[in-house]
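S.K.: No sequence on hand, only this structure:
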């Protein structure tokens, strides 16, 4: 008959918990002994009960195995500690190099602004002069381009305000099309005489 899986959680009943602890502790120590015999391995198991009672098993001297375990732990954690220290030192070196670069850039900027020039040689001063002249040329060319763009924008705005807007033109065309044509039969409005005369009408010749 197949046994069902037991849910692994804390047993609430005190008696059942004590019985389970006793059974599984004996099974654990038995498996540790079998592992040491079958595989020729050094095995040690230490168990503390809920009340603090000690149960242990060692395939050889327990004290020597504990000392060996401490040595192994020291080597393992010592290697990790050394690796962390090396990593931190590398970060510090990179930080120092970066700070030196920042200081050089700040000094270079001050020299370009005309400050701290007393420590410059003649060649450095010539180089700074060349860089400043190139920068001035770029700034002036950019200024000319910007001025041209402003003038073009002004002219386009002026033309926009001087010309009649399209919506006014379209509205005038629509009014001309919708105006009524006063015609009577075959008589056009242009055939009607509009002269004003005082007195009797003169006979037409």
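M.R.: Yep, that arrived. Quantities reported herein were computed from a predicted structural model and do not represent experimental measurements.
S.K.: burial of residue 121, as a residue count?
M.R.: Residues lying near residue 121 (other CB atoms under 10 Å) number 8. All C-beta atoms are positioned from the backbone trio N, CA, C, and that covers glycine.
S.K.: Strands of this protein, residue ranges please.
M.R.: In the chain, the strands defined using DSSP state E lie at 44-48, 54-58.
S.K.: closest to residue 119 out of the ones you listed?
M.R.: Closest approach to residue 119 among these (CB to CB): strand 44-48, 70.1 Å.
S.K.: Which strands or helices does the closest one pack on?
M.R.: helix 14-39, strand 54-58, helix 62-112 (3 or more CB pairs under 8 Å, 6 or more residues apart in numbering; DSSP states H and E).
S.K.: Let's see that with 7 Å instead.
M.R.: helix 14-39, strand 54-58 (3 or more CB pairs under 7 Å, 6 or more residues apart in numbering; DSSP states H and E).
S.K.: Let's have these in TSV, adding mean pLDDT, mean neighbour count and distance to residue 159.
M.R.: Shown next, in TSV, are those (pLDDT from 0 to 100; neighbours: other CB atoms under 10 Å; distance: least, CB to CB, whole Å):
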stretch	mean pLDDT	mean neighbour count	distance to residue 159
helix 14-39	92	12	96
strand 54-58	91	14	101
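S.K.: Now tabulate the ones you listed in JSON lines and tack on distance to residue 148.
M.R.: Output for these, formatted as JSON lines (distance: least, CB to CB, whole Å):
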{"stretch": "helix 14-39", "distance to residue 148": "89"}
{"stretch": "strand 54-58", "distance to residue 148": "92"}
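S.K.: Any idea which of those gets closest to residue 66?
M.R.: That would be, of these and by CB to CB, strand 54-58, which comes in at 8.9 Å.
S.K.: tilt between that closest one and helix 62-112?
M.R.: On the basis of axes from the mean of the first three to the mean of the last three CA atoms, to 10 degrees, strand 54-58 is oriented at 90 degrees to helix 62-112.
S.K.: Sheet-wise, list the partners of strand 54-58 with their directions.
M.R.: strand 44-48 (antiparallel) (DSSP bridges).
S.K.: returning to what we had before: now the strands of the chain as JSON lines including distance to residue 82?
M.R.: Formatted as JSON lines, the strands of the chain follow (distance: least, CB to CB, whole Å):
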{"stretch": "strand 44-48", "distance to residue 82": "28"}
{"stretch": "strand 54-58", "distance to residue 82": "31"}
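S.K.: Which among those strands is found nearest to residue 10?
M.R.: That would be, of these and by CB to CB, strand 44-48, which comes in at 16.1 Å.
S.K.: What lies in contact with that closest one?
M.R.: Strand 44-48 has contacts (CB atoms under 7 Å, 6 or more residues apart in numbering) with 25, 28, 29, 32, 54, 55, 56, 57, 58, 62, 65.
S.K.: these two touch, right, the first one and residue 55?
M.R.: The reference is to residue 25. Yes: the pair residue 25 / residue 55 is scored as a contact, 5.8 Å apart, by CB atoms under 7 Å.
S.K.: I'd like the distance between the residue nearest to residue 28 when sequence neighbours are not counted and residue 37.
M.R.: Of all residues not flanking residue 28 in the chain, residue 45 sits nearest, at 6.4 Å (CB to CB, 6 or more residues apart in numbering). Taking CB to CB, to the nearest Å as the measure, residue 45 falls 14 Å from residue 37.
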